[in-house]
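> got a structure for you, letters missing:
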């Protein structure tokens with residue numbers, strides 16, 4: 001199981017509280033830094049994840065750890081009746097709601113404050129669920145995945161986009177250097193939170209990626225699980241069905 005890594009080592013509050021606080025702190029610069037640090041590649045990853053859900057033709061979609069709502073907005077390409085986004089950070093949701101309002105999508109996308117490990121929804125509520133770069137922030141990964149399973153409809157599909165750990169030279173070495181030194185430096189320069197972009201590589205390193213995460217999905221009851229590596233293994237899309 002993944003090692004518990006928290007954003008602020010000198011605090012005694014729970015990981016969940018620390019993650020919420022961290023994202024509240026970096027929310028104003030989050031989209032800018034996301035674009036800068038990923039060189040825009042994350043947009044293509046997100047599109048790929050949504051394309052994989054097209055055969056499902058979901059009418060009700062849940063986007064967990066929705067953040068600034070980019071995944072929820074991308075999911076509109078699936079032509080659903082409604083999309084619900086949940087996140088534990090009020091700061092991130094405020095930015096996301098601003099995007100939704102600006103695009104006039106209030107009738108399609110609803111954003112709510114919510115805990116991904118105790119989702120405020122009934123069993124079997126959604127046809128598809130997406131999670132973009134959020135599962136590694138769960139305080140209890142197995143509990144969070146179990147609750148995702150609970151609210152997903154029978155035969156519903158789950159698409160998770162998350163960072164991975166490249167295994168081959170030279171990508172492995174370049175990735176390690178970039179995440180270990182470049183990412184924290186850029187984050188420190190542009191963000192109000194010095195710890196946030198040190199936590200990022202630490203949380204990725206602690207996350208049980210690939211086959212280890214597939215085992216977590218299977219333990220929760222998911223079937224037809226598949227891990228799809230992206231961009232030399234920098235990230236992966238995990239697809240599963242209830």
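Perfect, I can see it now. Remember, predicted model here, so these are calculated numbers, not experimental data.
> from memory residue 129 sits against residue 159, does it?
Yes - with contacts counted by CB atoms under 8 Å, residue 129 reaches residue 159, the gap being 7.4 Å. The way it works is simple: take the backbone N, C-alpha and C, and place the C-beta from them, glycine included.
> show me what contacts residue 86?
Residue 86 sits next to 62-66, 111-114, 116, 119-120 when contact means CB atoms under 8 Å, 6 or more residues apart in numbering.
> Show me which of these has the smallest pLDDT value.
Minimum pLDDT for the contacts of residue 86 is recorded at residue 116 (90).
> What is the distance between the helix or strand harbouring residue 45 and the centre of its chain?
Using DSSP states H and E, the element containing residue 45 is helix 41-52. Chain-centre distance of helix 41-52: 12 Å, with CA atoms, centre = their mean, to the nearest Å.
> now do stretch 21-33
That offset, for stretch 21-33, works out to 14 Å (CA atoms, centre = their mean).
> cool, and stretch 17-34?
13 Å.
> who touches it?
Stretch 17-34 is contacted from outside by 6-8, 11, 13, 42, 67-68, 70, 87-92, 94-95, 137, 139, 186-187, 190-193, 195-197, 199, using CB under 8 Å, 6+ apart.
> longest helix anywhere in the protein?
Longest helix in the chain, counting residues (DSSP state H): helix 15-38.
> Report the angle between that helix and helix 41-52.
Inter-element angle recorded for helix 15-38 and helix 41-52: 110 degrees (by axes from the mean of the first three to the mean of the last three CA atoms, to 10 degrees).
> buried residues in helix 15-38?
Buried residues in helix 15-38, counted by 16 or more other CB atoms under 10 Å: 15-27, 29-31, 33-34, 37.
> mean confidence score for that helix?
For helix 15-38, mean pLDDT is 90.
> again with stretch 195-208
For stretch 195-208, the mean pLDDT works out to 90.
> What lies in contact with that stretch?
With CB under 8 Å, 6+ apart, stretch 195-208 has contacts from 1-9, 22, 25-26, 33, 37, 135-137, 141, 162-165, 179-180, 183-184, 186-188, 191, 213, 215-216.
> Let's see which of those end up in strands.
Residues of these located in strands (DSSP state E): 162-163.
> just checking, which of the contacts of stretch 195-208 belong to helices?
Among the contacts of stretch 195-208, the ones falling in helices (DSSP H) are 22, 25-26, 33, 37, 141, 183-184, 186-188, 213, 215-216.
> Looking at the residues you listed, which two lie furthest apart in space?
The largest separation in those, counting by CB to CB, is between 188 and 215 at 35.4 Å.
> Many thanks, have a good one.
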